Structures are given as C-alpha cells and as structure tokens.
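Asker: sequence and predicted structure are below.
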Amino acid sequence: MYSFKLPDLGEGIHEGEILKWHVAAGDRIEVDAPLIEVETDKAAVTIPSPVGGVVTAINGAVGDVILVGAVLVTIEDGQATPPIAVEAPRPLEAPRSLEAPVTPARLGPVPAAPATRRLARALGVDLQAVPPSGPAGRVTRQDVERFAAAPTGPELTRPKLTPPELTRPEPVGRAEAPTPSGPAAAIPFYHLPPMPDFAQLGPITREPMRSIRRKTAQRMVTAMTVVPHVAHMDEADVTELERLRKAPPRRGEEAGGLTLLPFIIKAVSAGLRDFPQFNASVDPIKEEIIYKQYINIGFAVDTPRGLVVPVIRGCQGKSIRDVADEALTLGEAARRGALAPHHLQGGCFSVTNVGAIGGTGVIPTINYPEVAILGMGRVQEKPVVRHGEIVIRRMLPLTLAFDHRVADGAAAARFMTQLVRRLSDPYALLLEI
Amino acid sequence: MVMGSLRQEAELVVVGSGPGGYVAALRAADLGREVVLIEAREALGGVCLLEGCIPSKTLIHAAEIVEGAKAAEALGLRFAAPEIDLERLRRWTDGVVNKLSGGVAQLLKRRGVEVIHGRARLQGPNALSIQGAGVSGLDFKRCILATGSRVTPFPDAEALGIWSSRQALALPEIPRRLLLIGGGYIGLELGLVYAGLGAEVTLVEFAPSLLQGADSDLVEVVIEACQRRFAEVLMDSKVTHIARRGDGYTAQIQRRDGEIIERAFDKVMAAVGRRPNTDDLGLETVGIEVTAEGFIPIDARCQTQIPSIFAIGDITPGPMLAHKASRQAKVAAEFISGEPSAFDNRAIPAVVFTDPEIAWTGLTETEARASGRPIKVGRFPLTALGRARTLGRAEGLVKVISDPDSHLILGVGMVGSGVSELIAEGTLALEMGARLEDLMVTIHPHPTMSEAIMEAAEVAAGSAVHLPKPR
C-alpha cells in the first residue's frame, strides 16, 4: 500500500488546487502515468503516479485546495506499508502550462539573457517556473511576460524590493514609449503614446504599481480586451426584503440584522442553477465553454490595500445565515490582509455592492475568467406606480454585465427578471433556495 | 566653527572611491539619491586606478613595445637596444593616472556628489565618524562600504627594504638582478615589466604551478613564455632566508628537489596576495562579522546583515577584481533606489596581462571536471589561426567548455596575444545563455583573433573546418 502525498512543487508553493483527477478509486494505474492535475499559484502541474497499482482511495475533489504533504491518493502496489511514511519523490515533470513545450531537466541556472532576468525579478517571477520557448530551455522576455500575465500569476511571490523609507516616487528612466508587441500589435490603430511630461505643468508624485494594484490592472485589461461585455440593467423592489433583513427570524439566541449581500448571493446562486451559461468560463484555445457544476460566488471588498474578491464556495448548499457569517469573516480577513490565496481563487461569479457607498447604478467589469458579474447601486426610496397609484418603494438598481460569447441578451433578461422577482418577493425566495 | 566638531547628514554615503565606490556614487546620484563620498586618499580612483590596474597596464604596454622590437628581428627588422628614460616613463604613467583620476572627480562633481577626504569608521547602523576632515561624522540612511584591499605584507619587508607591488609600480629603479617572490597575476605582470625593461628576474613560487585558479593548459603557455623571459622560474620552491649584503641581497631558495641554493640579487619584490580592508572600519560597532579571511558576507543585493549597510568590491567574498566591484556598485545603488537589481551575473571574467595574456570566464575546465558534470571541450590552437600567424604570435589556444546535451556554453578560456579583448564575447555568451551554435553561426571578421572563439565552438560541436578532419 502506497500513500502518495502532494509533493513539494517548488519554491514558495505550499498548496495547490485540484484541477482534474485522471483516475478514480478502483482504477489501475501504471507507474509514471498521469495521476492528477494541480494548479498552484504559479502554474498547472500534472503529477505522475510514482508507483503502479490499483487506486484504493482518492482524497479531495476538483476545486479542493490541498496542502503540500497531504495524502492525495492511496495505491495498492503489493508492497507492505512501511512503518514510517516514505518520502514522496519529486515529480519529474517541471511545472508547465498547457500550450508550452515540456521543459527539459535543467542543470545549473536557467538560460536567460541578463535583461530577461532583470524583468523576471521586477515582476517577481521565478525563472525556474517559467515555461521556456527558446532552444536548450532558454527563457525569453516574452516567456516571462506571458507567465506574469497568466491569471494564476505570481503576485504572492513578488519580492519586497527595497527598504520602504527610501522608496521614493522615482522620476528616472520610466518615460520611454512602449512598442506594442504581442496581440496588441495586431490591433489596427492601436497606439500607446508616450506619457506627457506632467511635471511641466505642476508638481506631481509617482507611485509604483505593485501587488493588488498591479494585479487589478492586469485582470481588468485582460477582461476588457478579451471579453465582449454587455450590461443589462433593472431595478428590484426590495421594500419587503429590507423589512425582513432588518428583523430576521431568530435562531437560538442570535438576533440582529443582516446585510443585503447574503440575500443577493443566495438569489444569484438560485439563478445560476437555472441559467448555467452565467456559471461558465470560455476556453479560448479549445473554443469550448466550460460549465461549472458548483457555485462559488465572490464579493468585492474595499480594503486599505485595494480591491479584493474573496470567494464563498458551495453557495448552493449554504443557508442565508451561513453565507452572511462567511461573508462577514472573509470581509474582516480581507480588510486585515489576512486572506489565504485559496480564499481568492475558484470564483464562478462575482457581486459588487459599490452602491452601499453610493451611486444610482454601476457597470461593473467581469472578473476574468468568470463570465458575469452583478453590480448593485444604492437602495433608494423612489416613487413607483403600483396598480395605477404612485407609491414610495425602496428600489435597488442592478446591472448584470455578462460575456456575450457565452450568453445572449435574452438569457440575461430572463436571468435578471427572475432575480428581480426573487428579491422583490423574499418569501418566495426563501421557499426556492 | 571648530574644525572636526561638525556632523553632517546624507541619504547615502559611499566609503571609498575605487571602481566600486565611485561607480556606486555616480549611479546612485543618477537615480536621484543625495550622495556623499568619503575617500581617505588625496586622489580619487582607488588602488585600481592609482596603484594597480591602470599604472601596471601602462608599464606592461611599454615592456611589450620593447619585446615587440626584439621579436621584429625575425621579420628582418633590426632595432638598436632601447634607451630607457625612467623619469620620462614615470611621468607618462603618472599622466595617464592623473587624467583618469581627474576624470572621476569631474564626473562626481557634475552629479553633485560631495567628496569628503578623511578616514571613515562606522559608529552605528546609521552613523560614522570621519577622521582628518572638516566634519567629524556623518549620519546616513544607507551606506555602501567600498574600501578595497591592500597588499599582504611580506615578513620583514619593511626592515629589509623589500618592494611590494605598490612600490615596484612606482619604478624607483631597474635592478640588474631581481628576485620576485610570488607567481600570481600581480607578480607575473610586474616581473614581465621589469624583465622587459632589462632586469634579470628570478621567480620563486611556492605552489607547483603559476596563476592558481587558471586551467593548467592555459598556464603552461605562460610558463613557457616566462621561462624565456626570466632568468629562472622556480616553482614548488620557497625562499627560506633573505639577508642584506652590501647594496643587495642574498637569498636561500629551497628548490623542488629539496636542494637549497643561494643567489645574489640587487632587489627583492614580494607579491604574495592582497587582503580586504575591513579591520579598521568600525564593523564591530554595528555587529557585522567578517569571514576568517576578513570578507564581509553579503546577499545578492550586496546588503550586509545590517540592512542599512551594503558592501561591494574587494571586501566581499569572490575574486578581487575591479569589474566585479563596478557591477556590485550598480546593483547596490539601484537596489537602494528601489530598482529590482541583483548580482545575478553568470560569469566574472578573469584576465591576466602577462605576455601572452590569459583570460577565462564562467566555469574553468578544472572546476567543471571536479564537479563531475559531463562537459564537451573544444580547443582551437592559435597555430591554425591566420591572424595569429600574421602577428607572429601563434602560441596559445582558445577553448570553449559546453554541456554535451544542450550545447549550452559553460565556460571559455584562452591564452594568446591580446586575448584580454576576446573574453568579453565569451562572457556575453554565458550571460545570454548561448549555445555552441550561436557562436558558430555568428560571423566573426576575418582575419582577427576573434575567429578562434567561433572555431573552438565548432571543435566542441565536432565540426571545425580549419582543423584536420577528426577520424
């Protein structure tokens, strides 16, 4: 009996998310045959089986985050279980992405030009993890850029570059006009002009884009570049819902109001069950739509470090109270900067409640590679017509921004109409979820 | 204002103005830092510029002109024996040094770097004292130590009047018979200068070969040249006794075979290495511990264990070479200014200005074999190179050390006339992660010495057109 643990996948990687199992319990597996695909915050890795035999148990489902050293699978290989757990061998395969060539085993430092190494340092990229495109495993500048731009990019490994008190806004050598390269070069009229010298007009300061700011910039540019966005808007009458959430039914000793967010998340969760095209991702290489059989909903949190989107997993199986508690915990952790990477991964759909601060409406940007996001405006008392009478109701403006590659306007209208109905009639909502 | 009572403040202070210190000051100033440079000497430029690389290369050039004139006889060009005007040669050398030192001062001035002449010692992680200057101390946010190295003293050198390399470079006289102790690069370079200027040089080296660290196939060529130019080359030997006699010296030398011989000399020079200047820096006040050899441990950003203090150049582990210091200088200055710099260089080229010259970069063949990794070495002898023949300098070879599977270049070594100018290509190849094919398909101009690198790469790959076809 062989217990295979998630091996050390390289510098700074402590956990991985299960992308795919190549085997199920009871399957026969040959030595070195693919066992599991795991995604770390650096790359997707296929881990081969270190032994041949019959799989007796697998631990963890797709989407689960597993720690290095945790038992992944047990394989009956005809050997007696040793008294002490055997050290799992390192996978021979280096981390790689799907389209990249297989990395040959490297001896010594990664071949790469000095300027490429400098860029990798600036982007916090570990050259060992970058799939090389050059001969003899040589890593090019483009390889590093592609790796850094990947959605599972290396934000968490970005080094602290300098003692902070000496880091000043740096006026040196940053003004050169970038030459468009890669896909952008193929866009007609695409032109990124050099920055004007703003200092000519008055005093300025400069601040490097790091960490969350840079990551947000990358995600947003990716989303706005590759996703054809459509925004569908409506208003929900949340008068009844507001009454319910401010005095919810008691559970034991607990009492007190809830925010709007858990109700929205549960209503969206119910909608995603009926409209799976909004719980999907597009694989642009294979030209396939990936439908997700689970509902993980992220919600935007404004923190001192910037915008983060923690994810509540398995929303379909959680009560409004569960969701409310989890949102509270994750929101707190986000503001403290205490979220773990897995709290931010695996989202299917996002919700942003910027209206809580203000605004009659919002057109949000999709959190790529998700395909839809719901933006909430501010709940406001408004005169509306009911049965021929003007009455005052509490109205919530909603915008569903969605990816037109996977869904059409009619589906969005149906999704939104159903969502508005559920929010307007919370008792029906409670019965349906 | 009472002299010596004033303290000053600086964002960045650099201690030492050699090829480490002045480069760090210039780079940091370019990146917007407010920089103060402290130098203990009168002139700027450090050992390299004032009493090292620059004056020695000037004198080596002079000696090579003499040798070239002698060698011209084979071509049918007969020159009279040279008349050597020592005073004029000294002035010429001083002129070269002064121009470069003045240039450093100008560069610093134009960037607004303040230069303080005095001896600096650390007092704490953000403070140092200065002795011998108008200010008594300085408070800083960051400090780059670049205090270099000095000649390791030879026992009784002072009492006996034995030259160090520093004194020999000042060219006090051309002794008729010179005993040279130490067959490292400094000893060999200076020995060849004095031999070229007419001295009979006897070289004594304790180790069984010369130029420790270089591959023996390269060193062999230099040993042959030294044996022609020196009166005697005694390796595996040691000087057991030196005494003054009259105007000169007698020395007892124990040779390889154990026999002790006695010789008379007019002058003795010892070049037995250099040691880092870390003993009088006040390192103990901040708790920086040096290695057994006196080096300050640093990380890839040249940061010491005290985050506000950086160290570069000869006081850090690794070869004591000016170009290493200059690169570290830029790394430290850039890192302090928030740039993502690190000393991640794949190779530090080494060059010895003997005649012929030796240069190597990356892995040496000795290191590669000791590590047990498989290698493929391509050797191209200069006898097969047109340009070497036209110069009458066919002695020597160029070799390329590569990985047999990937053909990645791991090291380049060479010995021959003027090869110091060729090694940069090998270093670039290493930094770029080049393979043999990259050197092979790059057009090298004909007829030049540089073709030897291309040919050596072809040999390593198994296909050199200018050598007999391998059977």
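Answerer: Okay, I see it. Numbering: from 1, shown residues only, chains lettered A, B, ... in the order given.

Asker: buried residues in stretch B:222-242, which are they?
Answerer: Buried residues in stretch B:222-242, defined by neighbour count with 16 or more other CB atoms under 10 Å in any protein chain shown: B:222-223, B:225-226, B:229-230, B:232-235, B:237, B:239, B:242. For the C-beta atoms, the positions are set from N, CA and C on the backbone; glycine is no exception.

Asker: and the residue of chain B found nearest chain A, its phi and psi?
Answerer: In chain B, the residue found nearest to chain A is B:Gly433; the distance is 2.6 Å by CB to the nearest CB. Main-chain torsions, B:Gly433, degrees, to the nearest 10: phi 70, psi 40.

Asker: returning to that earlier point: turn the buried residues of stretch B:222-242 into JSON lines, columns for secondary structure, pLDDT and distance to A:Pro132.
Answerer: Listed next are those as JSON lines, based on DSSP: H, G, I helix; E, B strand; the rest coil; pLDDT from 0 to 100; distance: CB to CB, whole Å:
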{"residue": "B:Val222", "secondary structure": "helix", "pLDDT": "97", "distance to A:Pro132": "40"}
{"residue": "B:Ile223", "secondary structure": "helix", "pLDDT": "97", "distance to A:Pro132": "43"}
{"residue": "B:Ala225", "secondary structure": "helix", "pLDDT": "96", "distance to A:Pro132": "44"}
{"residue": "B:Cys226", "secondary structure": "helix", "pLDDT": "96", "distance to A:Pro132": "46"}
{"residue": "B:Arg229", "secondary structure": "helix", "pLDDT": "96", "distance to A:Pro132": "49"}
{"residue": "B:Phe230", "secondary structure": "coil", "pLDDT": "97", "distance to A:Pro132": "51"}
{"residue": "B:Glu232", "secondary structure": "strand", "pLDDT": "96", "distance to A:Pro132": "54"}
{"residue": "B:Val233", "secondary structure": "strand", "pLDDT": "97", "distance to A:Pro132": "49"}
{"residue": "B:Leu234", "secondary structure": "strand", "pLDDT": "96", "distance to A:Pro132": "52"}
{"residue": "B:Met235", "secondary structure": "coil", "pLDDT": "96", "distance to A:Pro132": "46"}
{"residue": "B:Ser237", "secondary structure": "coil", "pLDDT": "96", "distance to A:Pro132": "52"}
{"residue": "B:Val239", "secondary structure": "strand", "pLDDT": "95", "distance to A:Pro132": "55"}
{"residue": "B:Ile242", "secondary structure": "strand", "pLDDT": "95", "distance to A:Pro132": "59"}
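
Asker: who's in contact with the residue in chain A positioned nearest to chain B?
Answerer: Closest approach of chain A to chain B (CB to the nearest CB) occurs at A:Pro111, with a separation of 2.6 Å. Going by CB atoms under 8 Å, 6 or more residues apart in numbering or on different chains, A:Pro111 touches A:132, A:134, A:136-139, B:408, B:432-433.

Asker: redo that, cut-off 10 Å
Answerer: A:127, A:132, A:134-139, B:346, B:403, B:406, B:408-409, B:430-435 (CB atoms under 10 Å, 6 or more residues apart in numbering or on different chains).

Asker: so chain B: which segments form each domain?
Answerer: For chain B, automatic domain parsing gives the domain ranges B:6-151+B:275-336, B:157-272, B:350-461.

Asker: can I assume B:Pro319 is in contact with B:Asn345?
Answerer: No: the criterion here is CB atoms under 10 Å, and B:Pro319 misses it with B:Asn345 at 11.8 Å.

Asker: looking at these two now, which is surrounded by more residues?
Answerer: Set side by side, B:Pro319 and B:Asn345 show more neighbours around B:Asn345, with 18 against 12, by other CB atoms under 10 Å in any protein chain shown.

Asker: need the contact list for that one.
Answerer: Residues near B:Asn345 by CB under 10 Å, 6+ apart: A:114, A:117, B:300, B:323-324, B:327-328, B:331, B:427, B:430-431.

Asker: give me phi/psi at A:Arg421?
Answerer: phi -60, psi -40.

Asker: show me which residues of the stretch 101-250 of chain B sit near chain A.
Answerer: Residues of the stretch 101-250 of chain B lying close to chain A by CB under 10 Å from any CB of the partner chain are B:141-142.
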